[in-house]
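>>> I would like to see how this sequence folds:
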Amino acid sequence: MKKTIALLLLATSSAALAHPGDHAGGVLHGFAHPFAGLDHLLALLAVGIWAARLPPAARWQLPAVFVCFMAIGAMLGGLALPFVEPMVALSVLVFGLAATLAKRLPLSVGGGTVALFALYHGHAHFTEMPDTSPAGFLAGMLLATALLQLVGALLALAAFLRARSFRAG
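Predicted structure coming up:
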């Protein structure tokens, strides 16, 4: 029971929010940002898992689309974009379903879906970009984004290999 209460308190603390607004700038702060919000963290891991379920030659494409369109979304962040937070939240659901159901959509549909939601993630991150070093912050954020997607893909591939060896043994 104590662990459950501690987890609930941790989940509701301001440090667990996606956009706490406490970043001072620079590469390290940008790198830390995607780890600070559960919605961003889950979306990035899910894109990696989804990508791992694609044919080997296509596994890099969804994560690459996400990184590119997130950067574009950050650069367009000065423009008004409606429903940013709901779209970020919806992305977690959509990416989670795509990763879980393992539906092989045409790459144009999957890539378009990833691109749309990545624009919203980029826009949301832009609002947290500091004035002191926005380029460094963006670079760190994009690096962490790619890394988290890689972690998701590696976790999915490891689970697949484990399940395969379990069935064989």
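
>>> and the top helix by length along the chain, which residues are buried?
What stands out as the longest helix in the chain, according to DSSP state H, is helix 134-168. Within helix 134-168, the residues scored as buried using 16 or more other CB atoms under 10 Å are 134, 136-142, 144-146, 148-150, 152-153, 156. Where you see a C-beta, it was placed from the backbone N, CA and C, and this is true even at glycine.

>>> on the three-state scheme, residue 92 is what?
Secondary structure, DSSP: H, G, I helix; E, B strand; the rest coil: residue 92 is helix.

>>> how many other residues sit next to it?
19 (other CB atoms under 10 Å).

>>> and the pLDDT at it?
Per-residue confidence (pLDDT) for residue 92: 96.

>>> hmm, it is touching residue 43, no?
Yes: the criterion here is CB atoms under 8 Å, and residue 92 meets it with residue 43 at 5.0 Å.

>>> circling back to that earlier point, who does the longest helix of the chain touch, helix- and strand-wise?
Judged by 3 or more CB pairs under 8 Å, 6 or more residues apart in numbering; DSSP states H and E, the packing partners of helix 134-168 are helix 26-36, helix 38-52, helix 61-75.

>>> would you mark the buried spots in the first one?
Meaning helix 26-36. Buried residues in helix 26-36 (16+ other CB under 10 Å): 26, 27, 29, 30, 31, 33, 34, 36.

>>> quick one: mean pLDDT for that helix?
90.

>>> hmm, back to that, now, of the helices and strands packed on helix 134-168, which is deepest in the fold?
helix 38-52 (a mean of 24; mean count of other CB atoms under 10 Å).

>>> ok now stretch 29-40, how far from the chain's centre?
Stretch 29-40 sits 9 Å away from the centroid of its parent chain (CA atoms, centre = their mean, to the nearest Å).

>>> hey, C-alpha coordinates of it in CSV?
The C-alpha trace of stretch 29-40 is given here as CSV (Å, rounded to 0.1, in the frame of the first residue of the first chain):
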residue,chain,number,x,y,z
HIS,A,29,18.4,20.3,-20.4
GLY,A,30,17.0,19.5,-23.9
PHE,A,31,18.1,15.9,-23.5
ALA,A,32,16.4,15.6,-20.2
HIS,A,33,13.1,17.1,-21.3
PRO,A,34,11.5,14.0,-23.0
PHE,A,35,12.3,12.0,-19.9
ALA,A,36,10.4,14.5,-17.7
GLY,A,37,6.9,13.9,-19.1
LEU,A,38,5.2,10.6,-19.1
ASP,A,39,3.2,11.4,-22.2
HIS,A,40,6.3,12.1,-24.3
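
>>> for the chain, which spans come out with low pLDDT?
Scanning the chain for pLDDT under 70 picks out 1-24, 103, 168-169.
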